[in-house]
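Colleague: give me a model of this one.
(2 chains)
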Protein chains: 2
Amino acid sequence: EGVASIVVVCLTFIFTSAQTVPFKELYIDQYVDHFNFVSYGESIFKERYLLQDQWWKPGVGPIFFYTGNEGSIEEFWDNTGFVFDIAPEFNALVVFAEHRFYGKSLPFGNKSFSHPYVGLLSIEQALGDYAVLLSTLKQELNATSCPVITFGGSYGGMLSAYMRFKYPNLVAGSIAASAPIFLLSANSKRDFFWEDVTKDFNAVSPKCVDRVKKAFVMMDVISKKPGGLKELSTTFALCKPLTSMNDYHHLLGWIRNAFTYLAMMDYPYPTSFMGNLPGYPVKVACGMILNNTDAVKGLYQASEIFYNSTGRLCFDIWADFIECADPTGCGLGFNSRAWDYQACTEIHLPAGSNNITDMFPVLPFTNPIRNQYCQKTWGVAPRDLWGQAQFWAENIKSASNIVFSNGDLDPWHRGGVTQAPNPSVGVIMIKGGAHHLDLRGKNKDDPASVIQARNQEKDYIKKWIAESRQSQ
Amino acid sequence: EGVASIVVVCLTFIFTSAQTVPFKELYIDQYVDHFNFVSYGESIFKERYLLQDQWWKPGVGPIFFYTGNEGSIEEFWDNTGFVFDIAPEFNALVVFAEHRFYGKSLPFGNKSFSHPYVGLLSIEQALGDYAVLLSTLKQELNATSCPVITFGGSYGGMLSAYMRFKYPNLVAGSIAASAPIFLLSANSKRDFFWEDVTKDFNAVSPKCVDRVKKAFVMMDVISKKPGGLKELSTTFALCKPLTSMNDYHHLLGWIRNAFTYLAMMDYPYPTSFMGNLPGYPVKVACGMILNNTDAVKGLYQASEIFYNSTGRLCFDIWADFIECADPTGCGLGFNSRAWDYQACTEIHLPAGSNNITDMFPVLPFTNPIRNQYCQKTWGVAPRDLWGQAQFWAENIKSASNIVFSNGDLDPWHRGGVTQAPNPSVGVIMIKGGAHHLDLRGKNKDDPASVIQARNQEKDYIKKWIAESRQSQ
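Modeller: Purely as a prediction, here's the structure:
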């Protein structure tokens, strides 16, 4: 009585789909600022989460909780089949929580990305949302003794680990797939990314890399000759021809971005996670690059694999690729604005390409460039000391009950944990695995390495659940 | 270049005193809102800290870091002699950090306690300040490999534990003395406090408790008869006579408050921590209560022990005791305003006295009373789910490298950790110990129990430091 209570608003729409697991789409009232009881402190917004309880043994089975990352939560629901593959045998309740400022969870609607509202977009606030959602669900579903296992990939994997770092009272264990947590340290190396994208192409064929390098050199020559920009515009089927060197540099970024996703999503079967890609897209791209007598045309065809997913007749490089505080791309739409803001504050991403350790043109991204961009775009300055202090990026010795998995094909893996800090932390390197392949549903084309990784993860989850039950 | 950096402003005033250890008084620039890069995010304030490096082996010795609580930091410096007693043999650097919104660390000067500024007073922000101060000191003093041990008593003990909970990357171990961390759970029992104050008096003499009970019954009778309030005003030497039952209830609160501090500060030798008290003040009070033929007069004399420290001729009960969201008292001055706000938001304190399990009048303090008071006073509502989720109040199984010490005379001890959740957490119960006696400097009148407790704490500190050095 009189105590502020969280109201779970249940809009039980059930979406069914032939391809994906159905879910209930639900919303929870969240304070917009968990850390301030005045000011915006009493304002609330509706955070979305998806729920599937068909396998749950009520009040007993564990809660499998996906810590949503930078996008609409359905996208992760549709690409995290591992959770659904194992939920039945664990009698688990499955919950996927949407990250504030993404998808349908905009705390201030259309105003969310203007001052001062965007300031409430932070990792701490998102973790606070998840802690409140978990506490509320446990209470309302009579699930106080149900162990919680968090799951997440990429930034979602960082959040999954952080939930165990900061809320082990609520989380029994955490699967953190392809989570580059060390990037949040100001002292971390961040020059590996383009080198590792290049390595993926080199592994298919060193000639492929030579050819890409040659193509970029040729483009540079073409760009500087009279009519060169027009020629490149034709080669790349651009809707709006290049008219300046600025345009030309944007084209280079657009191409590099295609290669980024070919490498990150280098799965052994066709996927539609971030674009519609064929199986082994790096191999497919190298095939085109090597089979084309015109090296520049080869670059175009490789880019087309990523960008042509909707069967377009021409490409708008300004719509397809937006330069932002993340040189590996911020995505599209308002989700990209949210990510850009995060990349300007707490998230610190890889450096630019240098054409020495990688096959790409020199497209620098340094701390001064980042700071200048962030000041201009958002009026904010990153705080390097904060990220590493707050999120343990320099010292994870005290971490427990987390599996950090990585794929050796994933250009992010060198930002992640590849050596266990202590025996309670599992580290898995998936040979032939791209970006959090282990979180995807099982597939007949899965390499043995990922099948083994998933089994190891299942064993860890069993152990954490047993531990949790034992100590109650 | 261009990266926001924390500037340590060194105002090297050295205060020397015959009685206390000298210190350098220093200030660090802190963001007023660590969790928001926009809005107030770029505003800074100067947080005070005290430093003593005379025993430090630079770059090698550990950092002993006191996590300041609800008051001016000198007060804790002067009453935490344990740290100085052991710093020399550890070659430790000693740092005492002042909590934001207390002492000289007011983020917005005189405006600090008005809306919306007071919203930035929270446990999370205070912990953020300490994390930034530690990170900065480690960097600026070339002390990155120096293990940090945090110390704190009471609310400061909670903060000391929370620093290890939330920032084990920065803190190797923590001494949390008389830290009632379980009170932050909404489900925690909070009816023990006045019962345990009563027990302290009962331990001296059950007759003392009977006499106190009788005195309150007599006061009740007197208060209801014609001229009764005047009579009580004379007995209690009040500067301004009671004129209403509201005044009378305030007098009861004022008396109960004296007994609270007599019990909390029931040290075996005279102290001047929160008021100037004789050694064994509970015994002294009971002596007066039992030796006085007039039971009400006995209550007055017991109260006088606490309030008469400045040798006043009459008492102003409205100035001495301020009713607030903490029924055990909020202290005086602007520090009491800050504590009142904290007690209205994240800190949840004991319930009121009931005259059944305790010897005091029925002075209720319930959640509805708290909520109504907080809404009226600060326009805020406590969030019960938040405190227990954020600060592990329901589940500390994952805690490590913390000693939770308590004294059996301390009426707070039942809010604290008295059973170790796992072998890496130490639990010490000090027989005959009042509120964080172990943190005080050594004294010839120390009971053997506290000497042993301090030795155990030293052993834990040695172990944590060794562990920390080993894993580097």
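
Colleague: for the helix or strand that A:F151 is a member of, packing partners?
Modeller: Counting by DSSP states H and E, the element that carries A:F151 is strand A:148-153. Packing partners of strand A:148-153 (3 or more Cβ pairs under 8 Å, 6 or more residues apart in numbering or on different chains; DSSP states H and E): strand A:63-67, helix A:123-140, helix A:155-166, strand A:173-177, helix A:448-470. Every residue, glycine included, has its C-beta placed from N, CA and C.

Colleague: distance from the chain centre to the longest one, please.
Modeller: This means helix A:448-470. Its chain's C-alpha centre and that of helix A:448-470 lie 23 Å apart, by Cα atoms, centre = their mean, to the nearest Å.

Colleague: show me the contacts for the closest residue to chain B within the stretch 251-400 of chain A.
Modeller: For the stretch 251-400 of chain A, the residue closest to chain B is A:S398, as judged by Cβ to the nearest Cβ, at 3.5 Å. A:S398 makes contact with A:W392, B:P168, B:N169, B:S400, according to Cβ atoms under 8 Å, 6 or more residues apart in numbering or on different chains.

Colleague: pLDDT wise, what is it at?
Modeller: pLDDT, A:S398: 96.

Colleague: helix or strand right after the helix or strand where A:Y307 lies?
Modeller: Per DSSP H and E, A:Y307 falls inside helix A:295-307. Next helix or strand after helix A:295-307 toward the C-terminus (DSSP H and E): helix A:317-320.

Colleague: what's the first helix or strand past that following helix going along the chain packed up against?
Modeller: Sequence-wise, the next helix or strand downstream of helix A:317-320 (DSSP H and E) is helix A:333-343. Here helix A:333-343 touches helix A:367-378, going by 3+ Cβ pairs under 8 Å, 6+ apart.

Colleague: buried ones in the helix it packs on?
Modeller: Of the residues in helix A:367-378, A:N367, A:R370, A:N371, A:Y373, A:C374, A:W378 count as buried by neighbour count, 16 or more other Cβ atoms under 10 Å in any protein chain shown.

Colleague: cool, stretch A:73-80 as well?
Modeller: Neighbour counts over stretch A:73-80 (16+ other Cβ under 10 Å) mark A:I73, A:E74, A:E75, A:F76, A:W77, A:D78, A:N79, A:T80 as buried.

Colleague: and the furthest pair within the contacts of A:S398?
Modeller: Pairwise distances across those peak at 13.9 Å for A:W392 and B:S400 (criterion: Cβ to Cβ).

Colleague: shared neighbours, these two?
Modeller: With contacts defined as Cβ under 8 Å, 6+ apart, the residues shared by A:W392 and B:S400 are A:S398, B:P168.

Colleague: what about the two, which has more around it?
Modeller: Set A:W392 next to B:S400 and count neighbours by other Cβ atoms under 10 Å in any protein chain shown: A:W392 wins out with 26 against 19.

Colleague: got the confidence number for the nearest residue to that one once chain neighbours are set aside?
Modeller: Excluding its sequence neighbours, the residue lying closest to A:W392 (Cβ to Cβ, 6 or more residues apart in numbering or on different chains) is B:N169, at 4.0 Å. Per-residue confidence at B:N169 stands at 97 (pLDDT).

Colleague: hang on, B:N169 in a strand?
Modeller: No: remark: B:N169 does not belong to a strand; assigned using DSSP: H, G, I helix; E, B strand; the rest coil, it is coil.

Colleague: neighbours of it, just the number please.
Modeller: 22.

Colleague: correct me, but it touches A:N395?
Modeller: Yes: between B:N169 and A:N395 there is a contact under Cβ atoms under 8 Å: 4.0 Å.

Colleague: how near is A:Q54 to A:A92?
Modeller: Using Cβ to Cβ, to the nearest Å, A:Q54 is found at 10 Å from A:A92.

Colleague: of these two, who's got more company?
Modeller: Applying other Cβ under 10 Å to A:Q54 and A:A92 shows that A:A92 carries more neighbours, namely 27 against 11.

Colleague: pull the contacting residues for that one.
Modeller: Contacts of A:A92 by Cβ under 8 Å, 6+ apart are A:W55, A:W56, A:G61, A:P62, A:I63, A:F64, A:I86, A:I149.

Colleague: so how far is stretch A:343-360 off the chain centroid?
Modeller: 16 Å.

Colleague: in it, what counts as buried?
Modeller: A:343-353, A:358-360.

Colleague: pick the one among those closest to B:P411.
Modeller: A:E346 (41.8 Å).
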